[in-house]
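Novice: Build me a model from this:
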Amino acid sequence: MNWGLYLADEVKEFNIAVNVIFPGHTRTTGSVEQELARRALGQRGGPVPLDPEHAVPLVMYLAQQDGSGETGKVFDTVRWLQDHGYDIAQWRHALPD
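Specialist: Next comes the predicted model:
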C-alpha cells in the first residue's frame, strides 16, 4: 500500500502535489564494501549503483509541481532520467577490482 498516493488524492484540492520517488540501486555507505564481499564469496554482483545526487534532476522537476501537475505517481529515477535524455551510463562508477 502506498500512503503517498492516498495523500496526493487528499491534498490535491489544496493544489499540493505528492509523488513517490523510487531511487533504484543507489550508492550508500558501504556499497563498495558489500559488492567486494559478494565477489570474494564468488557471488554474482549487482548492478553498479548510481550516486544519490543523480536523483537531483527528477527531484528538481517534481519540486516545481503543484496539484495541477504531476501528482499521485511513482517515479523510477533511472527510467525518468533515460526518458528525459540523461545518459546515466556516464554516471555509473566502476567498482575497484
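Novice: Would you enumerate the residues in contact with the residue nearest to the spatial centre of the chain?
Specialist: Nearest residue to the geometric centre of the chain (Cα atoms, centre = their mean): residue 23, 1.8 Å. The contact partners of residue 23, by Cβ atoms under 8 Å, 6 or more residues apart in numbering, come to 50, 52, 55, 77. Backbone N, C-alpha and C define where each C-beta goes, glycine included.
Novice: Would you check how far apart it and residue 82 are?
Specialist: For residue 23, the distance to residue 82 equals 14 Å [Cβ to Cβ, to the nearest Å].
Novice: if we can go back for a sec, pLDDT and secondary structure added to the contacts of residue 23, as a markdown table?
Specialist: A markdown table is the format used below for the contacts of residue 23 (pLDDT from 0 to 100; DSSP: H, G, I helix; E, B strand; the rest coil):
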| residue | pLDDT | secondary structure |
| --- | --- | --- |
| 50 | 78 | strand |
| 52 | 83 | helix |
| 55 | 89 | helix |
| 77 | 90 | helix |
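Novice: Just the buried ones from those residues, in ChimeraX syntax?
Specialist: A single ChimeraX command selects the buried members of these (16 or more other Cβ atoms under 10 Å):
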select :50,55,77
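Novice: Widest-spaced pair of the contacts of residue 23?
Specialist: Spatial extent of the contacts of residue 23 (Cβ to Cβ) is set by the pair 52 and 77 at 9.9 Å.
Novice: Now for the two: what residues contact both?
Specialist: Common neighbours of residue 52 and residue 77, using Cβ under 8 Å, 6+ apart, are 23, 26.
Novice: which residue sits closest to residue 86, ignoring its sequence neighbours?
Specialist: Leaving aside its sequence neighbours, residue 86 sits nearest to residue 57 (Cβ to Cβ, 6 or more residues apart in numbering; 6.5 Å).
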